[in-house]
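>>> Here you go, sequence then predicted model.
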Amino acid sequence: MVELFLFSGANVHIFFIIAKAGGEHRGKIYSHAEKPLIIGLCVDDSMVIILRPKIFSLYRLKAVSFNTLFSIFAKNIPQSKVYDVIIIGAGAAGLMAAGVAAERGKKVLLLEKMEKAGRKIRISGKGRCNLTNARPAEEFLSKVRTNADFFLPSFKDFSNQSTIRFFKKIGLELVTERGDRVFPASGKAWDVADALVRWAQDEGVEIQYHTRAVEIRTVVGRVCGVKIINKKGFPRNIESENVILCTGGVSYPATGSTGDGYLFAHRLGHRIEEVRPSLVPLVTGSSLARSIVGVQLRNVNARLVVDGQVVREEFGEMEFTSRGLEGAVILRLSRDAVDALIEGGTVKVVLDLKSALSEDVLQARISREREALEPSAGFGELLRKLLPKPLVAPLARELGISVSVPQKDIMPEQVDSLIYLLKNLTFDITDYRPFDEAIVTAGGVAVEEVDAATLQSKHIQGLYFAGEVLDLDADTGGYNLQIAFSTGHLAGKLKK
């Protein structure tokens, strides 16, 4: 049974409800874990209070005014802090959002379930942290692989040049390297993370470590707080009218990115686009690849071929490792390769080891090299003029020609086969590496359900998103961290 009394005072309507433990109303309101005998919630101009029968019996027969009722509530419940915004996840997006909100005078709580903020930043760029890319805006946006139009307002609000100025302002020296990639001058990713944490704390952000958010609490389509498990393992409810979800994706889960944000968003009615690894090594069953583990190639052209069609082409560096094919060009191809593999397509990576030379020019080059060699020189010596030493024997085997065969005995059709191999060294791609080896996550919260101008949810007032939890990802080269900084900066403004 539920008894309902309505009181009015000071233009505020009070609903006074008596409910048994576990009653139907209990799960629909904001409760105080510290005092389970009393549960209360303020919503707009209304206050809902549940007093369990034990406490209510003291006042059952009295006419209770608003002030009296409120004093009962205040007396029995310890006053917890109320924050203007709670940010879940102290990564790149979360730290930026927290600092921006605090700069604007907001009372900010930043929750981090790990022991340290910016864990993923600290290992990014092989420990150097490529924090953005200095390319012109149009070129930069062309590197955003998914939903670039949605990202544009965030980028206009806080561009790559804004990021460079920001880090210089907070005392971090930067250098720009080949490909317009921007790094800390120290070459240490930790310096980037530490600078962000210092800045956020200087602005007044409160950071709670070892604190896991387990629920974003809402009432009638509005955020009212977050339920957490604190470092002692106890549940607690923290009040706020705004929450920014910056939990990241599921890549590098050891850093704390375990997909919590997708579950929170889904529970609140948001659609989640299928998540899959991006910027990830590709797996091949090729015996040739296994025989050249450790070989690094520069200035190589790589084509991604799906079901016989070239779908993407990249130029740069790559490496053969025990995990498969890696390096910048492979990572940039991996986004499309993963999607094709998921859809059941036939996927190949085709390398042009002599991309600067046409087949005719390469033919002439081989002729000159042969003329300069002794007729009795082995085929391996000819290959050494064209390839890195570790590739000589493996490619000779691919051609079915012994390295010791005198080069004078090489037939024209064998030269043609050599030219074709140098221009079309092909590896069948059978799989991709798991999330814990991926740099970023593709997929995430569907951007159609988020306001691009504010990053606020279209379903829940006061709920914002920033960073990798959104369905946004880009090429390697500093672009993904910029997405985190730009969206974090916009979300931190708490625009309505």
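Structure's in. What do you need? Numbering: from 1, shown residues only.
>>> domains of this protein?
3-79, 85-276+437-491, 281-432 (automatic domain parsing).
>>> Show me where this structure dips below the pLDDT cut-off.
Within the chain, the stretches falling below the threshold (pLDDT under 70) are 1-81.
>>> what's the closest non-adjacent residue to Leu341?
With CB to CB, 6 or more residues apart in numbering as the measure, Val347 is the residue that lies nearest to Leu341, at 5.7 Å, once sequence neighbours are left out. Where you see a C-beta, it was placed from the backbone N, CA and C, and this is true even at glycine.
>>> Quick check: beta-bridge partners of that neighbour?
As for beta bridges, Val347 partners with Val306, Ile429 under DSSP bridges.
>>> which residues does it contact?
Under the criterion of CB atoms under 8 Å, 6 or more residues apart in numbering, the contact partners of Val347 comprise 304-306, 337, 340-341, 428-429.
>>> Count residues in the vicinity of the residue lying closest to Val450 once chain neighbours are set aside, would you?
Taking CB to CB, 6+ apart as the measure, Val450 lies nearest to Phe465, with 5.6 Å between them; neighbours along the chain are not counted. By the other CB atoms under 10 Å criterion, the neighbourhood of Phe465 contains 30 residues.
>>> and if you look at Asp473?
Counted with other CB under 10 Å, residues neighbouring Asp473 total 24.
>>> pretty sure it contacts Arg145?
Yes - with the criterion set as CB atoms under 8 Å, Asp473 and Arg145 qualify as a contacting pair; they are 5.6 Å apart.
>>> so what sits against both of the two?
Between them, Asp473 and Arg145 share the contacting residues 278, 335, 442, judged by CB under 8 Å, 6+ apart.
>>> closest to Leu141 among these?
For those, the closest approach to Leu141 (CB to CB) belongs to Arg335, at 16.1 Å.
>>> what number of residues lie near that closest one?
Arg335: 24 surrounding residues under other CB under 10 Å.
>>> Isn't it up against Asp473?
Yes - applying CB under 8 Å as the test, Arg335 and Asp473 come out as touching, 7.1 Å apart.
>>> any common contacting residues for the two?
Taking CB under 8 Å, 6+ apart as the contact rule, the neighbours common to Arg335 and Asp473 are 145, 278-279, 442.
>>> List the ones among those residues that fall in strands.
With DSSP state E as the criterion, strands contain 278, 442 from among the shared contacts of Arg335 and Asp473.
>>> before we move on, back to that, can I get the buried part of the contacts of Val347 as one PyMOL selection?
To isolate the buried ones among the contacts of Val347 in PyMOL, judged by 16 or more other CB atoms under 10 Å, type:
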select buried, resi 304+305+306+337+340+341+429
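>>> that older thread, next, the residue nearest to Val450: phi, psi?
Dihedral pair for Phe465: phi -130, psi 150, per degrees, to the nearest 10.
>>> I'd like to know how far it sits from Gly99.
With distances defined as CB to CB, to the nearest Å, the gap from Phe465 to Gly99 amounts to 17 Å.
>>> Quick check: phi and psi on the nearest residue in space to Arg323 that is not next to it in sequence?
In this structure, Arg323 finds its nearest non-sequential neighbour in Pro281, 4.8 Å apart by CB to CB, 6+ apart. Geometry field for Pro281 lists phi and psi as phi -60, psi 150, criterion degrees, to the nearest 10.
>>> so what's Pro281 up against?
Residues in contact with Pro281 (CB under 8 Å, 6+ apart) are 321, 323-326, 330-331, 334, 432-433, 437.
>>> let's see 6 Å
Under the criterion of CB atoms under 6 Å, 6 or more residues apart in numbering, the contact partners of Pro281 comprise 323-324, 326, 433.
>>> now, among the shared contacts of Arg335 and Asp473, which is nearest to Leu382?
The nearest member of those to Leu382, counting by CB to CB, is Leu279 at 37.5 Å.
>>> How is Gly261 assigned, secondary-structure-wise?
Three states are possible here, and by DSSP: H, G, I helix; E, B strand; the rest coil the one that applies to Gly261 is helix.
>>> Make sure it is actually in contact with Thr247.
Yes - applying CB atoms under 6 Å, one finds Gly261 in contact with Thr247, separated by 3.2 Å.
>>> which residues are in contact with both of these two?
Taking CB under 6 Å, 6+ apart as the criterion, Gly261 and Thr247 both touch Val469.
>>> Thr454: how many residues sit nearby?
Per other CB under 10 Å, the neighbour tally for Thr454 reads 17.
>>> Surely it and Lys493 touch.
No - if you go by CB under 6 Å, Thr454 and Lys493 don't touch, sitting 7.8 Å apart.
>>> can you point me to the longest strand in this structure?
Ranked by residue count under DSSP E, the longest strand found in the chain is strand 309-321.
>>> Tell me the strands beside that strand, with direction?
The sheet places strand 309-321 alongside strand 296-306 (antiparallel), strand 324-326 (antiparallel), with pairing taken from DSSP bridges.
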